[in-house]
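Colleague: model the following, please.
(4 chains)
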2 protein chains.
Amino acid sequence: MAQRGAYAKGVAKREEILEAALAVVAEHGYRKASVREIAETAGLSPAGLLHYFGSKEEMFVAILEARDQRDLREYAESDFISAFVDVVRHNAAVPGLVHLYARLAADAADPEHPAHDFFRQRTAQLEAIARGEIVAAQQAGTIRADLDPAWVMRTAHAVADGLQSAWMLDPTIDMAADLEQFLNLLRP
Amino acid sequence: MAQRGAYAKGVAKREEILEAALAVVAEHGYRKASVREIAETAGLSPAGLLHYFGSKEEMFVAILEARDQRDLREYAESDFISAFVDVVRHNAAVPGLVHLYARLAADAADPEHPAHDFFRQRTAQLEAIARGEIVAAQQAGTIRADLDPAWVMRTAHAVADGLQSAWMLDPTIDMAADLEQFLNLLRP
DNA sequence: GTCTATACTCAGATAGAC
DNA sequence: GTCTATCTGAGTATAGAC
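Modeller: Numbering: from 1, shown residues only, chains lettered A, B, ... in the order given. From the prediction side, this is the model:
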């Protein structure tokens, strides 16, 4: 395993850096989250930080990857649709993450950006997982059978992302409740 | 009028700069849209450009403001709901704008950002305009009467923004069609 | 493999001349 | 209104210590 021997320290440091990065974004926003300040928070030099992550952008992608893997593990046994709402609800408790996600998603429009492939694969993976669950829900009669499963996933994803954007501007919005209301609308 | 006398040239130059900025974003993406390159495209020095807009970020906000005013004028006589779909459809033909909007919306999470107030006011204005139209549609029987008008607007807005994010990653998505499908779902 | 010091390049912004 | 010159701070490449 990667946790053994001479690498253990490096793995721990990597995670410490990711936590420091998220903390800085949460406190000062993405714009002011410089490599210098994150490195300082994590207790090393900027060059030391880059030793682990090649570039600032790759470091931020690593945060989103870690988040997805945590969510995937945590909600592995729940049904997909309620897990989806739970993740959005949980995101409201981690403001830095939502900000980071929105910012990287925008930057990822550029095919050269390190996050471009990550977002495309993430969307594809999400759709692959969801498709079966949506079809099953349609057969079970909890989602209208006349709706295209691909459209359902695309639109639920869009609602979640769009609500998160709105929530950053106005945190009084209840993202999870609004998303649930949308999912209710899919019922027969 | 602002078009008269010694100011006419300044006004024209302002618009020329905004067009140059949008062209650069459309071609190279926001990340590579430096003040230097935009200034070069508009035929003046970086400092000359900043004379008009104070900062890079304020310049980009000015582009979004101009877009909204154009849309508002163009669709003043259409009904709100079909205009909403038309605007999204039209956005697919102006890739730089969608990219710019997504990026600024993410940055605007920071209350210090020049775009913060713009986005908050824009959302408030959109909701004010929409509310009457949605209530009227409910009375006319084209939107389910049991739905909260504020929720309808928030969610339609979220769908539009979220689909635009997805479209930047995968331009084969038909944003307007997906949005219309959502609006159909609101029907009784 | 882990990490620092240094330095390079580019960005946005500012001061002041014209 | 627009320029040149300059400032400050960003990201990061490099060389090399441990």
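
Colleague: element containing the most centrally placed residue in chain A, please.
Modeller: Closest residue to the average C-alpha location of chain A: A:Leu64 at 5.1 Å, with CA atoms, centre = their mean. Element membership of A:Leu64 [criterion: DSSP states H and E] is helix A:56-74.

Colleague: for the one residue in chain A that gets nearest to DNA strand C, give its distance to chain B.
Modeller: Residue of chain A nearest DNA strand C, by CB to the nearest atom of the strand: A:Gly10 (1.9 Å). Placement of C-beta: from N, CA and C, glycine included. As judged by CB to the nearest CB, to the nearest Å, A:Gly10 and chain B stand 30 Å apart.

Colleague: same deal with A:Lys9?
Modeller: For A:Lys9, the distance to chain B - CB to the nearest CB - is 34 Å.

Colleague: per-residue confidence at that residue?
Modeller: If you check A:Lys9, the pLDDT there is 87.

Colleague: for it, grab phi and psi.
Modeller: Backbone geometry at A:Lys9, expressed as degrees, to the nearest 10, gives phi -60, psi -40.

Colleague: neighbours of it, how many?
Modeller: Other residues within reach of A:Lys9, judged by other CB atoms under 10 Å in any protein chain shown, total 9.

Colleague: check A:Ala76 too.
Modeller: So A:Ala76, with other CB under 10 Å, has 8 neighbours.

Colleague: could you look up the SS state of it?
Modeller: coil (DSSP: H, G, I helix; E, B strand; the rest coil).

Colleague: look up phi and psi at it.
Modeller: Per degrees, to the nearest 10, the backbone of A:Ala76 is at phi -60, psi -30.

Colleague: where does chain A have low pLDDT?
Modeller: A:1-6 (pLDDT under 70).

Colleague: residue numbers of it in contact with DNA strand C?
Modeller: A:6-7, A:9-11, A:13, A:43-48, A:51-52 (CB under 7 Å from any atom of the strand).

Colleague: could you pull out the helices for chain A?
Modeller: Counting by DSSP state H, chain A has helices at residues A:8-28, A:35-42, A:46-53, A:56-74, A:80-91, A:95-107, A:114-140, A:149-169, A:175-185.

Colleague: in TSV: these, plus distance to DNA strand D.
Modeller: Output for the helices of chain A, formatted as TSV (distance: least, CB to the nearest atom of the strand, whole Å):
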stretch	distance to DNA strand D
helix A:8-28	10
helix A:35-42	4
helix A:46-53	4
helix A:56-74	3
helix A:80-91	24
helix A:95-107	12
helix A:114-140	9
helix A:149-169	20
helix A:175-185	28
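
Colleague: which one of these lies nearest to B:Val98?
Modeller: Closest approach to B:Val98 among the helices of chain A is made by helix A:95-107 (9.7 Å; CB to CB).

Colleague: which secondary structure elements does the closest one sit against?
Modeller: Helix A:95-107 sits against helix A:8-28, helix A:56-74, helix A:114-140, helix A:149-169, helix B:95-107, helix B:149-169, with contacts defined as 3 or more CB pairs under 8 Å, 6 or more residues apart in numbering or on different chains; DSSP states H and E.

Colleague: give me the residues contacting that helix.
Modeller: A:22-27, A:29-30, A:57, A:60-61, A:63-64, A:67, A:91-92, A:113, A:115, A:119, A:161, A:164-165, A:167-168, A:171, B:30-31, B:99, B:102-103, B:105-107, B:109, B:165, B:168-169 (CB atoms under 8 Å, 6 or more residues apart in numbering or on different chains).

Colleague: which of those residues are buried? Put it as a PyMOL command.
Modeller: Entered in PyMOL, the line below selects the buried ones among the contacts of helix A:95-107, by 16 or more other CB atoms under 10 Å in any protein chain shown:
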select buried, (chain A and resi 22+24+25+26+29+30+57+60+61+63+64+67+91+92+113+115+119+161+164+165+167+168) or (chain B and resi 30+31+99+102+103+105+106+107+109+165+168+169)
